[in-house]
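> Quick one, what's the 3D model for this:
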Amino acid sequence: MSTDQRPNNSTRPPTRSQFEAFYHEHYPAVSRYVTRRVAPSSHDDVIAAAFVVAWRKFSTVTNPSLAWLYRIASYEVASEHRRRGRQAQVVELNDLHLVDAAPVGDVVDVSRAFNQLSESDAELLRLVYWENLSRSEIAEVLGLSVNAVNVRYHRALERFSGALSRLDVIAGIAEPTNPSTQEN
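This is a model prediction of the structure:
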């Protein structure tokens, strides 16, 4: 667990306006995160539940962050999956950021390879490539050490590469260009 999650020792609790600013700053990113993981009919309920939990806990953390919100949202997504009985999730292809750079057939093949991954491998790769989180932020979201994230990331890439090979898809999987993801 990150050291940013210590109880707040200040005597003044955060104000409603501070939470509203936090909400407006992070709502778009949390919305995209949830959109990629639940059915459209559940999106608003999951977002609302995540921000209710965030509001309740807002005064107990010294530095609430987007990664902290992703962790809360991940619990709400898991709860929604249990509630819905693990229905198959549909990933919008335009969310893969490949449809403008590759033929649709290749995007479908990449999507099929991605769907062969375990949920933990898929989630880790989503956090790296879709959410553009740093390794330390991913560690916070998943409740792991940065070293564990690095090891799991490389293993997930190997499995994804193997799935692509089994489908005879040639794809260059490179490290994200975001320098914040280059942490050790």
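
> Run through this structure and note the low-pLDDT ranges.
For the chain, applying pLDDT under 70 flags the ranges 1-13, 86-107, 169-184.

> what's the residue closest to the geometric middle of it?
The C-alpha lying nearest the average C-alpha coordinate of the chain belongs to Leu127 (CA atoms, centre = their mean; 4.1 Å).

> Only the C-alpha atoms, please, for stretch 56-67, written as CSV.
Taking C-alpha atoms only, stretch 56-67 is exported to CSV below (Å, rounded to 0.1, in the frame of the first residue of the first chain):
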residue,chain,number,x,y,z
ARG,A,56,-16.6,8.8,2.5
LYS,A,57,-12.9,8.2,2.6
PHE,A,58,-11.7,11.5,1.2
SER,A,59,-10.8,12.9,4.6
THR,A,60,-8.8,9.8,5.6
VAL,A,61,-6.1,10.1,3.0
THR,A,62,-3.4,12.8,2.8
ASN,A,63,-3.1,12.8,-0.9
PRO,A,64,-6.1,11.3,-2.8
SER,A,65,-5.0,10.5,-6.3
LEU,A,66,-6.3,9.1,-9.6
ALA,A,67,-4.7,5.7,-8.8
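
> Show me which positions of it end up buried.
Buried positions in stretch 56-67, judged by neighbour count with 16 or more other CB atoms under 10 Å: Phe58, Ser59, Val61, Pro64, Ser65, Leu66, Ala67. C-betas here are computed from N, CA, C, even on glycine.

> Now tabulate those residues in CSV and tack on secondary structure and distance to Ala29.
Putting the buried residues of stretch 56-67 into CSV (DSSP: H, G, I helix; E, B strand; the rest coil; distance: CB to CB, whole Å) gives the following:
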residue, secondary structure, distance to Ala29
Phe58, helix, 17
Ser59, helix, 22
Val61, coil, 18
Pro64, coil, 13
Ser65, coil, 11
Leu66, helix, 6
Ala67, helix, 10
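
> about what we covered before: relative to Glu20, how far out is the residue nearest to the centre of the chain?
With the distance defined as CB to CB, to the nearest Å, Leu127 ends up 26 Å from Glu20.

> go on, His43?
When distance is defined by CB to CB, His43 is 21 Å away from Glu20.
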